[in-house]
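>>> return atomic coordinates for the entry below.
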Amino acid sequence: MLTLNGDVGESFGHWNMGSDATLIPLLDMANIACGFHASDPEHMSKTVALCLKHNVSIGAHPGYPDLQGFGRRSMTMESNTLTQSVLYQVGALKAIAEYQEGKVSYIKPHGALYNDMMSSPEVFKAILSAAQSLNLPLMVLATREHQLYQTLAAGYGVPLIFEGFADRSYLDSGLLAPRSLENAVLHQQNQILTQADAFITGTPIKTLDGNSLTLTIDTLCVHGDNQASIDVAKALRSRLDNAIKLSGDKP
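I've put the predicted structure just below:
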């Protein structure tokens, strides 16, 4: 059964980002920022409470220690340092969730760390080490190279959750188009829903170069940082629910 996930809990201090109270009830899985690229203990706690209220699975969303750059800038870190950084962030969210009688169910790295994980075996292994220690699945980008990532993860005993993006353009390799490229982010609702429908039905999507790409995913990511994206999230929730009804699967 395909699930819907979103990045949430990214406010901190007096700075607010996103529409978590509206987005979270639409999700199956919520990726909560852990304080390094965004969020703080109070906002993490509030976001956990929202997830528990709406029965949404809690995921840790660790990033590079880069509040000013929102975790979208790559950083060079030794493997052990990176592993400890992920453990620190997930451990913080884990403690906050357990305080409210909840639990962290998986890890999804954020921003540049996510992209680096997909392009660098050393970064991927460093994050796998943290996931292994925490006994948590790791969410990764679905690409043409499923087997490569599965083989590496199997060596650590870490299950993978393969993810697709409704609102991001893809390269022919199956990797996300860098945000520096024109049209890397889809903004038109019809474009986003067309790509989402392809993922839901298992049909090819169109790459940035206009070629066909077929990816098998477990979960679809949606963003909800403005009203237009919330409208898209509502439409995606409806599409996924209808697909579940047609397939006869239980939600």
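>>> where do the helices of the chain begin and end?
Counting by DSSP state H, the chain has these helices, from start to end: 20-23, 41-53, 79-99, 111-119, 121-134, 146-154, 189-201, 227-247.
>>> kindly reformat the ones you listed as JSON lines containing mean neighbour count and distance to residue 179.
Heads up, the C-betas are built off the backbone N, CA and C, glycines and all. Putting the helices of the chain into JSON lines (neighbours: other Cβ atoms under 10 Å; distance: least, Cβ to Cβ, whole Å) gives the following:
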{"stretch": "helix 20-23", "mean neighbour count": "19", "distance to residue 179": "21"}
{"stretch": "helix 41-53", "mean neighbour count": "18", "distance to residue 179": "24"}
{"stretch": "helix 79-99", "mean neighbour count": "18", "distance to residue 179": "22"}
{"stretch": "helix 111-119", "mean neighbour count": "20", "distance to residue 179": "10"}
{"stretch": "helix 121-134", "mean neighbour count": "20", "distance to residue 179": "19"}
{"stretch": "helix 146-154", "mean neighbour count": "14", "distance to residue 179": "22"}
{"stretch": "helix 189-201", "mean neighbour count": "17", "distance to residue 179": "16"}
{"stretch": "helix 227-247", "mean neighbour count": "16", "distance to residue 179": "16"}
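>>> identify whichever of those helices lies nearest to residue 170.
Residue 170 lies closest, by Cβ to Cβ, to one member of the helices of the chain: helix 189-201, at 8.7 Å.
>>> got the CA positions of that closest one in CSV?
Extracted in CSV, the C-alpha atoms of helix 189-201 (Å, rounded to 0.1, in the frame of the first residue of the first chain):
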residue,chain,number,x,y,z
GLN,A,189,-0.9,21.5,-9.6
ASN,A,190,-1.7,19.6,-12.8
GLN,A,191,2.0,18.7,-13.3
ILE,A,192,2.3,17.5,-9.7
LEU,A,193,-0.9,15.4,-9.9
THR,A,194,0.1,13.9,-13.2
GLN,A,195,3.4,12.7,-11.8
ALA,A,196,1.7,11.5,-8.7
ASP,A,197,-0.8,9.5,-10.7
ALA,A,198,2.0,7.8,-12.6
PHE,A,199,3.6,6.8,-9.3
ILE,A,200,0.3,5.5,-7.9
THR,A,201,-0.5,3.5,-11.1
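>>> tell me what angle that helix forms with helix 227-247.
Interaxial angle of helix 189-201 relative to helix 227-247 (axes from the mean of the first three to the mean of the last three Cα atoms, to 10 degrees): 30 degrees.
>>> quick one: mean pLDDT over helix 189-201.
The average pLDDT for helix 189-201 rounds to 93.
>>> can you give me the offset of that helix from its chain's centre?
17 Å (Cα atoms, centre = their mean, to the nearest Å).
>>> with stretch 119-132 instead?
16 Å.
>>> what do you get for stretch 200-209?
19 Å.
>>> one more: stretch 236-251?
21 Å.
>>> same thing with stretch 19-32?
Offset of stretch 19-32 from its chain centre (Cα atoms, centre = their mean): 12 Å.
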